[in-house]
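S.K.: quick one, structure for this:
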Amino acid sequence: MSKFSSPSRDVWSVSRLNGEIRAVLEGSFPLLWVEGEISNLATPRSGHSYFSLKDAHAQVRCALFRNKRQLLRFQPRDGDKVLIRARISLYEARGDFQLIVEHMEPAGEGALQRAFEELKAKLDREGLFDARNKKALPAFPRCIGIITSPTGAAVRDILQILRRRFPALPVIIYPTLVQGSEAAAEITRTLKLADARKDCDLLILTRGGGSLEDLWAFNDENLARTIAALDTPIISAVGHEIDFTIADFVADRRAPTPSAAAELATQNQEQLRTRLEELQQRLNRAIKRRLQEYHQHLDHIRHKLQILHPQRRLQQDQQLLDELSLRLERAMQRQLTQKQQHCQQLAARLHLLSPSHRIALFGEKLADYRQKLLHGMQNILSHKQLQFAGLSRELQAVSPLNTLARGYSITTDAVTGKVLTSSSETKVGTRIHTRLLEGHLVSLVEETKDNG
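M.R.: Numbers count the residues shown, from 1 in each chain. Alright, predicted model coming up:
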């Protein structure tokens, strides 16, 4: 290499540089909570939102992707102060430092949520939410009181439902603020007034939906204790179905919406009319059935009266007397017949037991036994003769004498008596005994040979 040559250099591309910086940023910082004001908000057709988050001295680019944006409970706008939870990243295409937003809520709502949870836990420990302290709602209220803003949509929804379900039910509207710093105190005074007047036997505390800050008046501790102390049953229907306030937990019943509160408070007039018609039909059937039972009972009593009439009793007694007379006559005749049969049986038994009759019977039996004995002896003798002849033939067929008559003999050891069947079973000088058809031989072995 020449002394004028340039040294080797590691040259990075812009893409590589931005990629490495992004990796360092994302690996060095955890999820962060950042508070600021939204500006330059843009949401293209993709559904992702892009904006700047700024304070008095600086700003940072932010990206809120569609899947996270759909989880928001409010619609962010330019100028909104928000609290976000985000991770640090770098948009490599432009080298822009940015925050990827995972969660967003209006600034201050987090503090309100913590205050809500603390008050909820406190009142729960004191038993204000205990179901055993809840009052039952009247099945058929005589008058319903609605504590709400008279110009809000909630009261219109409730009145519409009540007119449809039970138009004859009286309703009193107790107007009050439902939002703002003075709302909690005014709602508390209105509830105490409605409870003290006793004009209604059911109250509905309601307003439409909104943010946590909008509904904050219903999370007031003094209001919660006032609701718990009411003598009149109360339904809380604050906000939408997903909204929960302290008033909901303290009230005797919670309705997810104002319309649901109206349905919960009243019976359906059409359903009641149908039910009344069914009950009337059941009552008519029961009355008709009871009248039929009374008619049947009356007929039964009339029949019993006829049966118990004196003339009827005399007729029955006369009939019974005739029946008893016939039964007595038949019984006497039956007894006489039985006695006659018994006498005949005794006479026959006496004849059978007389000595002459028994001797004649024994003589007949003796002759019969003698005949049977002779016949049996003859049969046995014939059978034994036949059996003996058969056994003789069998014995003759297997007798060894027949074998000896043909010139054969049986040789045994003279000492041990063992039958010898081979020359190897004896030896020279041994005494042997030979059985012939007629007579025996005693020999001394002089030589042995085998068949080979």
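S.K.: make it CA atoms for all contacts and neighbour counts henceforth
M.R.: Noted.
S.K.: quickly find the element holding the residue lying closest to residue 234 once chain neighbours are set aside.
M.R.: What sits nearest to residue 234 in space, not counting adjacent residues and going by CA to CA, 6 or more residues apart in numbering, is residue 203, at 4.6 Å. In this structure, residue 203 sits in strand 202-207 according to DSSP states H and E.
S.K.: can you tell me the strand partners of that strand and which way each runs?
M.R.: Strand pairing for strand 202-207, using DSSP bridges, gives strand 144-148 (parallel), strand 234-238 (parallel).
S.K.: can I get those in a markdown table including mean pLDDT and distance to residue 184?
M.R.: A markdown table is the format used below for those (pLDDT from 0 to 100; distance: least, CA to CA, whole Å):
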| stretch | mean pLDDT | distance to residue 184 |
| --- | --- | --- |
| strand 144-148 | 94 | 12 |
| strand 234-238 | 93 | 13 |
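S.K.: and the spatially most central residue of the chain, how far is that from residue 235?
M.R.: Centroid-nearest residue in the chain, with CA atoms, centre = their mean: residue 131, separated by 27.9 Å. Distance, residue 131 to residue 235, by CA to CA, to the nearest Å: 14 Å.
S.K.: sorry, back to before: how close does the residue nearest to the centre of the chain get to residue 390?
M.R.: Remark: distance between residue 131 and residue 390 (CA to CA) = 111 Å.
S.K.: same check on residue 236?
M.R.: In terms of CA to CA, residue 236 sits 120 Å off from residue 390.
S.K.: cool, residue 20 as well?
M.R.: Separation of residue 20 from residue 390 (CA to CA): 124 Å.
S.K.: which of residue 236 and residue 390 has more residues huddled nearby?
M.R.: The residue with more neighbours, out of residue 236 and residue 390, is residue 236; 29 against 12, by other CA atoms under 10 Å.
S.K.: hey, which helix or strand in this structure has the poorest pLDDT?
M.R.: Every helix and strand of the chain was ranked by mean pLDDT, DSSP states H and E. The lowest is helix 400-405, at a mean of 73.
S.K.: list the helices and strands the helix or strand following it packs on?
M.R.: Where DSSP H and E defines the elements, the next helix or strand beyond helix 400-405 is strand 410-413. Applying 3 or more CA pairs under 8 Å, 6 or more residues apart in numbering; DSSP states H and E, we find strand 410-413 packed against strand 431-435.
S.K.: quick one: list the elements packing against the strand it packs on.
M.R.: Using 3+ CA pairs under 8 Å, 6+ apart, the elements in contact with strand 431-435 are strand 410-413, strand 440-444.
S.K.: only C-alpha atoms, please: export that strand in CSV.
M.R.: Provided in CSV are the C-alpha atoms of strand 431-435 (Å, rounded to 0.1, in the frame of the first residue of the first chain):
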residue,chain,number,x,y,z
ARG,A,431,-32.3,-121.7,38.1
ILE,A,432,-35.4,-121.2,36.0
HIS,A,433,-39.0,-122.5,36.2
THR,A,434,-41.0,-123.4,33.1
ARG,A,435,-44.8,-123.8,33.1
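S.K.: can you mark which positions in that strand are buried?
M.R.: Using 16 or more other CA atoms under 10 Å as the test for burial, strand 431-435 gives 431-434.
S.K.: list the contacts of residue 93.
M.R.: residue 15 (CA atoms under 8 Å, 6 or more residues apart in numbering).
S.K.: so how far is residue 46 from it?
M.R.: Using CA to CA, one gets 18 Å for the distance from residue 93 to residue 46.
S.K.: flag the shaky bits of this structure, pLDDT-wise.
M.R.: Within the chain, the segments meeting pLDDT under 70 span 1-7, 108-111, 269, 309, 312, 452.
S.K.: can you give me the helices for it?
M.R.: Assigned by DSSP state H, the helices in the chain fall at 14-28, 66-69, 109-125, 153-165, 183-197, 221-229, 246-250, 258-265, 269-307, 310-352, 355-398, 400-405.
S.K.: tell me which of those helices is the most buried.
M.R.: helix 246-250 (a mean of 25; mean count of other CA atoms under 10 Å).
S.K.: which other helices and strands does that helix contact?
M.R.: Identification of packing neighbours for helix 246-250 by 3+ CA pairs under 8 Å, 6+ apart yields helix 221-229, strand 234-238.
S.K.: nearest to residue 215, of these?
M.R.: Residue 215 lies closest, by CA to CA, to one member of the helices and strands packed on helix 246-250: strand 234-238, at 7.8 Å.
S.K.: what are the contacting residues of that closest one?
M.R.: By CA under 8 Å, 6+ apart, the residues outside strand 234-238 that reach it are 137, 202-209, 215, 218, 227, 244-245, 247-248, 251-258, 260-261.
S.K.: swap in stretch 265-275?
M.R.: Stretch 265-275 has contacts (CA under 8 Å, 6+ apart) with 137-141, 162, 165-166, 202.
S.K.: again, only this time at 10 Å
M.R.: Contacting residues not belonging to stretch 265-275 are listed as 137-141, 144, 161-169, 202-204, 234-235, 253, 255, 276-281 [CA atoms under 10 Å, 6 or more residues apart in numbering].
S.K.: from residue 188, how far off is residue 401?
M.R.: The spacing between residue 401 and residue 188, counted by CA to CA, is 141 Å.
S.K.: domain ranges for the protein, per the record?
M.R.: Domain segmentation of the chain under automatic domain parsing yields 14-107, 112-267, 404-444.
S.K.: to residue 293, which of those domains lies closest?
M.R.: With CA to CA, the closest approach to residue 293 among the domains of the chain belongs to domain 112-267: 35.7 Å.
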